[in-house]
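A.B. asks: What follows is a predicted protein model with its sequence.
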Amino acid sequence: MIFYVLTLFPDMIGDAVNHSILKRAADAGLIEIRLADIRDFSSGKHRQADDAPYGGGAGMVMAPGPVYCACEHARRELGASVRIVYLTPQGRPYDQRKAEEFSKLDRLILLCGHYEGIDERALELAGVEEISLGDFVLTGGELAALAVIDSVSRLIPGVLGKSESFQSESFADGLLEYPQYTRPRVFNGIEVPPVLLSGHHKNIAVWRRRQSLMKTAAVRPDLLALAQLSKEDIKFLQETEAYMDNSRFLEYFEEISKIPRGSGNEKAISDWLYRFAKERGLDAIQDDVNNIIIKKPGTPGYENAATVILQAHMDMVCEKNADVSHDFLKDPIRVIREGDTVRADGTTLGADNGLAVAMILSLLDSRDIPHPPLEALLTADEESGMTGAEHLDGALLSGGKMINLDSGGEGVFIVSCAGGLRVVLSLPVEYTDMPLSHTMCVLRVKGLMGGHSGGDVTKRRGNGIRIMGRVLRAIGAEADIRLASISGGMKMNAIPREAEAVIAVNSEGYDKIAGIIKSCEGVLRDEYRVSDPSVALEFTRAETESRMVFTEEAGKKAVAILCLTPLGVQEMSQDMPDLPETSNNLGIVRTEGNTVTFSNALRSSVATRKYELKERIGQLAELTGAKCESGNDYPGWAYNPNSAMREALVAEFESMYGHKPVVQGIHAGLECGLFSRKLPGVDIISFGPDIFAMHSPGEHFSVSSAERVWEFLTRSLTKV
């Protein structure tokens, strides 16, 4: 095919088509680009192709003479019947159908305007067809001409490698294209949809078609009127649009974000939720700890169906960047939407778990979405101790099925969680004067990755406190040292990244000890070369005037606790492969006065194993003379192999998306553990949308993911 471009700036076209697919197509003889400079057809010696407009006005107009002569010259080369397309904002919209029409021609003239346009007489005489790329203005028609050349060329047989390359693209069938993915399988925590990895071509085709339909309905609904839709397409769109039209959850999320609702400060949001229910004539209960229960009857046809409990927590974690001025007790969260992303302005967003609260509110407010009787349970103070769930009166709820919306990761169903227990050992220590031959030094463990003590426990990351114990024991086996203090870790539920010990060493043996530490560092870097490649030991002289150290016996006991406390995964689940069942994290150690405290976070989905682990730590306390105390005991949520709701939701998910969801347990605490105890026999499942960087000022969520989860939730309610 020959493209003949008439332009004031031929180099703009020539340079652009000399690359990539267009160049290969030209080299193969599939297309030919001819260029003509309109100025060459001017009769004046200055090659002037423009002049001032009659009637006045800004800018210049391209003169009729050069333009018309250029068009006639091109027609003489290509034939009198060749079509001339003038690229102008005043033209008819250019679309894929027009590109397909042009691709069937063997030659085409493209006329590029500039300045304020072209004298109308030249256009009439040349018999041009006016085409517009859209409702916007460019400085000239050259970029528009390139768009036409590219979009038409790729439809010419042989230009692209496979005909499928353009047959499946946006507009080829009247719809926008489905999302595309390539390697790596996981990028910045976002995984490729599992259906695309399944190898099941029919399911992949169904998924792609539905994604294309949803994208078109959301972004370009005008295209649906002209698209070729099957009965299945129409049914899918009718169902999807019905649910999406009734969704107001993004509005409700912005509304509740105006109300401060940090953990322990939920009274205002609790009162707002109560008023929300009463204003809509719904039964509502507000208890003494600000939990809210709202009850809504089933819609026509589902009045007598089994009641479903929808659960979320109303509070949020309050964190902000150091340079942000924000009072979480009175300031609203500033919600910012940027394309598919919703974030806050330097603070936590509260999507965990405000997005779930908003979805529940949208359901309670809807009149058209079919659903069984609903009980909305919105709990307080989840983030700082689950006190709302702990104090809930289970007798206030009648539902036998619960959907918890407090887990992130679209397409993942959580079906069990670990219970937890805090165990603290308090070791009394006596002090003595440091030997005169010794000097105070500081030993530090640094460079570890850390992580969540539940979610990251299988990654075998180094625990700074345990490593400190190993190094102190190695030094003590070959040199005379005395321990003066030890500290490490920030939170019990976080794997400690650092630890520090102040020790007294024999001045004459300083170099020897430095050598031992260097050797230990080499061993650690080899052991943790994958999980913690930056692990490091730092050994320096201390800047302190204190000369008090632990007695030798107290120092040995402290090191023994560091080395012998059960750590990491203790048992794996027998129900779910690769899921830890029982673990412990020695998360904090502190020296305060005459006591060294060792704080442990125990987790287990089996209560008896959790308490057995507590007893083992208690025995270590007995052997060392430490005091053992426990608290913050919350139950786990055991996997239910006979869950009818899980099977129903898995089937519904597969029918909607063409692949099965990921079904797994988590080695962390959810309120579901408390609910399973307070509501005997309740069938629970947990899921939610993609929320990233939770509990940090970088927290944000994907709107499209939230919309898909909303669609799945609302379509599933009548299936469970």
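C.D. replies: That came through fine.
A.B. asks: check contacts around residue 508.
C.D. replies: Neighbouring residues of residue 508 by CB atoms under 8 Å, 6 or more residues apart in numbering: residue 437. The way it works is simple: take the backbone N, C-alpha and C, and place the C-beta from them, glycine included.
A.B. asks: can you confirm it is in a helix?
C.D. replies: Yes. Counting by DSSP: H, G, I helix; E, B strand; the rest coil, residue 508 is found in a helix.
A.B. asks: Relative to residue 555, how far out is it?
C.D. replies: Here the criterion is CB to CB, to the nearest Å. By it, residue 508 lies 20 Å from residue 555.
A.B. asks: Then residue 55?
C.D. replies: 98 Å.
A.B. asks: Who has more neighbours out of these two?
C.D. replies: residue 555 (22 against 5; other CB atoms under 10 Å).
A.B. asks: contacting residues for the more buried one?
C.D. replies: Counting by CB under 8 Å, 6+ apart, residue 555 has contacts 482, 483, 549.
A.B. asks: That one: which element?
C.D. replies: helix 552-564 (DSSP states H and E).
A.B. asks: got the CA positions of that helix in CSV?
C.D. replies: Provided in CSV are the C-alpha atoms of helix 552-564 (Å, rounded to 0.1, in the frame of the first residue of the first chain):
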residue,chain,number,x,y,z
GLU,A,552,28.9,-14.2,85.8
GLU,A,553,26.0,-16.5,86.7
ALA,A,554,23.4,-13.9,85.6
GLY,A,555,25.2,-13.4,82.3
LYS,A,556,25.2,-17.1,81.5
LYS,A,557,21.5,-17.4,82.3
ALA,A,558,20.6,-14.4,80.0
VAL,A,559,22.6,-15.9,77.1
ALA,A,560,21.0,-19.3,77.8
ILE,A,561,17.5,-17.8,77.4
LEU,A,562,18.6,-16.1,74.1
CYS,A,563,20.0,-19.4,72.7
LEU,A,564,17.4,-21.9,74.0
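A.B. asks: After it, which helix or strand is next?
C.D. replies: Immediately after helix 552-564, counting by DSSP H and E, sits strand 568-572.
A.B. asks: So which other helices or strands are in contact with that next one?
C.D. replies: strand 580-592, helix 607-624 (3 or more CB pairs under 8 Å, 6 or more residues apart in numbering; DSSP states H and E).
A.B. asks: Show me what secondary structure element comes after the first one.
C.D. replies: In other words, strand 580-592. strand 595-604.
A.B. asks: do the same with the last one
C.D. replies: Sequence order places strand 627-634 as the next helix or strand after helix 607-624, per DSSP H and E.
A.B. asks: what's that next one packed up against?
C.D. replies: strand 419-428, helix 607-624.
A.B. asks: if we can go back for a sec, do you know which of the helices and strands packed on strand 568-572 lies nearest residue 95?
C.D. replies: strand 580-592 (55.1 Å; CB to CB).
A.B. asks: chain center to that closest one: distance?
C.D. replies: 29 Å (CA atoms, centre = their mean, to the nearest Å).
A.B. asks: Show me what counts as buried in that strand.
C.D. replies: Using 16 or more other CB atoms under 10 Å as the test for burial, strand 580-592 gives 580, 581, 582, 583, 584, 585, 586, 587, 588, 589, 591.
A.B. asks: That concludes my questions; thank you for your assistance.
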